[in-house]
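J.: Here is a sequence together with a model predicted from it:
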Amino acid sequence: MEELWKLFIVFCRIGAFTFGGGYAMLPLIQKEVVEKNHWATDEEVIDYYAIGQCTPGIIAVNTATFIGFKQRGIIGAIVATCGVVFPSVVVISVIAAYLTNFEDYAVVQHAFGGIRVAVAALILNTIIKMWRTSVKDWLGIIIFSGSFLAVAFFNISPIPVVVISALLGISGMRVRTDVK
């Protein structure tokens, strides 16, 4: 029971202090899940992110679910998911009730502007960490570059990009295996 409570509290803290979506939470997950609690490795977290991106739902929820499941099975998945969602439900409920009363104030608009800049920095930090963990050779650079170009400049849906990237990764593994 104590470990379930700890799962809830850790993911509640991650959910409470993550602004800007799932990618902005990677530094917090890395610190809480990898460094402090040793529930997963950096590579596992990146894998959970990749799988979470390819499955329906919010990446933060999917990642919490995977980590909770790894720790305590189905009940761990439920507890971690509830933990990461709980702060958002509370905050969104409060904002929905009061935002229309304050959204026209300059101080609120400037606060949101500052938050957007901070979120962009958090996402950039996440990209750099994911790059360091994921891109390890020329094939990785090619897959990254092609994926970025396909999504950013050619508006190709992420689904075929992920599938093609997976196939390229498998092909690259087979080529490396055949060469040895």
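T.: That came through fine. The structure presented is a predicted model; accordingly, all values stated were derived computationally and were not measured.
J.: Please enumerate the helices of the chain.
T.: Taking DSSP state H, the helices of the chain run over residues 2-16, 26-29, 42-54, 59-102, 106-134, 138-152, 158-179.
J.: Next, count neighbours for the residue nearest to residue 48 when sequence neighbours are not counted.
T.: Of all residues not flanking residue 48 in the chain, residue 66 sits nearest, at 4.3 Å (CB to CB, 6 or more residues apart in numbering). (C-beta placed from N, C-alpha, C; glycine too.) Residue 66 has 22 neighbouring residues, counting by other CB atoms under 10 Å.
J.: And residue 57, its phi and psi?
T.: Note on residue 57: backbone dihedrals following degrees, to the nearest 10 are phi 110, psi -180.
J.: so who does it touch?
T.: Shown in contact with residue 57 (CB atoms under 8 Å, 6 or more residues apart in numbering): no residues.
J.: What score does it have for pLDDT?
T.: Here, the pLDDT recorded for residue 57 equals 76.
J.: Also residue 136?
T.: 86.
J.: measure it to residue 169 for me?
T.: With distances taken as CB to CB, to the nearest Å, residue 136 is found 11 Å from residue 169.
J.: So which of these two has more stuff around it?
T.: Each of residue 136 and residue 169 has its neighbours counted (other CB under 10 Å); residue 169 has more, 13 against 10.
J.: show me the contacts for the closest residue to the more buried one other than its chain neighbours.
T.: Spatial nearest neighbour of residue 169, excluding adjacent residues (CB to CB, 6+ apart): residue 143 at 6.8 Å. Listed by CB under 8 Å, 6+ apart, the contact partners of residue 143 are 165, 168, 169.
J.: which stretches of the chain aren't confidently modelled?
T.: 19-23, 176-180 (pLDDT under 70).
J.: Wait, residue 59 touches residue 52, no?
T.: Yes: between residue 59 and residue 52 there is a contact under CB atoms under 8 Å: 4.4 Å.
J.: So the residue nearest to residue 48 versus residue 88, what's the distance?
T.: Noted for residue 66: a distance of 18 Å to residue 88, by CB to CB.
J.: Output stretch 90-98 as PDB, nothing but the C-alphas.
T.: What follows is stretch 90-98, C-alpha atoms only, in PDB (Å, rounded to 0.1, in the frame of the first residue of the first chain):
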ATOM      1  CA  VAL A  90      -8.400  20.400 -10.000                       C
ATOM      2  CA  VAL A  91      -6.600  23.200 -11.900                       C
ATOM      3  CA  ILE A  92      -8.800  23.100 -14.900                       C
ATOM      4  CA  SER A  93     -11.900  23.100 -12.800                       C
ATOM      5  CA  VAL A  94     -10.700  26.200 -11.000                       C
ATOM      6  CA  ILE A  95      -9.600  27.900 -14.200                       C
ATOM      7  CA  ALA A  96     -12.900  27.100 -15.900                       C
ATOM      8  CA  ALA A  97     -14.800  28.600 -13.100                       C
ATOM      9  CA  TYR A  98     -12.800  31.800 -12.900                       C
END
